[in-house]
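# Predicted model follows, preceded by the sequence.
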Amino acid sequence: MRFRSNNCVAIHLRSLAKAKRFYGDVLGFKLRSKTKDQLEFDTGVLHLYVNRSSKAQPPVPSFSVKSIEKAKRLLKGARCQILVDRGSSLYFRDPFGNIFDVVED
């Protein structure tokens, strides 16, 4: 099982409207997609995902894997906490308290 970093990072904020104004208008990032719960910006090297959340959270780096099921088993065996499981992606907390995103590619 191999985890590879990818070019995505997610943040969680309460107001997508304020985030859109700041990241799009102030910083000049190109808005690539928008749903009622998420904005995706092209920042150059990174894709910034802004997710609607009840409270702001620090940035979440993302990893890619070939098999999300194998990754999930490995992470659980290493005493990681699966926070969100969306089937082909998940958020987990490592044994040190850090949160990461994992997506199947």
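All right, it came through fine.
# Next, the contact list for the nearest residue to residue 94 once chain neighbours are set aside, please.
Spatially, and ignoring its direct neighbours in sequence, residue 94 is nearest to residue 80 (5.5 Å; C-beta to C-beta, 6 or more residues apart in numbering). From N, CA and C alone the C-beta is placed, and that goes for glycine too. By C-beta atoms under 8 Å, 6 or more residues apart in numbering, the contact list for residue 80 reads 92, 93, 94, 95.
# redo that, cut-off 10 Å
Residue 80 is in contact with 71, 72, 74, 90, 92, 93, 94, 95, 96, 98, 100, counting by C-beta atoms under 10 Å, 6 or more residues apart in numbering.
# Mind listing what's buried along the lengthiest helix in the chain?
Criterion DSSP state H: the longest helix present in the chain is helix 68-77. For helix 68-77, the buried set under the neighbour-count rule, 16 or more other C-beta atoms under 10 Å, comprises 68, 71, 72, 75.
# hey, where'd the helices end up in the protein?
16-19, 68-77.
# Residue 51 is nearest to which of these?
Among those, the nearest to residue 51 by C-beta to C-beta is helix 16-19 (8.5 Å).
# Excluding its own residues, what touches that closest one? List them.
With C-beta under 10 Å, 6+ apart, helix 16-19 has contacts from 11, 13, 34-39, 41, 48, 50-53.
# Out of those residues, the closest to residue 5 would be?
For these, the nearest to residue 5 is residue 48 (14.9 Å; C-beta to C-beta).
# Now for that closest one: which residues touch it?
By C-beta under 10 Å, 6+ apart, residue 48 lies in contact with 7-11, 19, 23, 27, 29, 32, 39-42, 59.
# show me where this protein has strands.
Shown for the chain, the strands assigned by DSSP state E span residues 4-13, 30-34, 38-42, 47-52, 57-65, 81-85, 89-93, 99-104.
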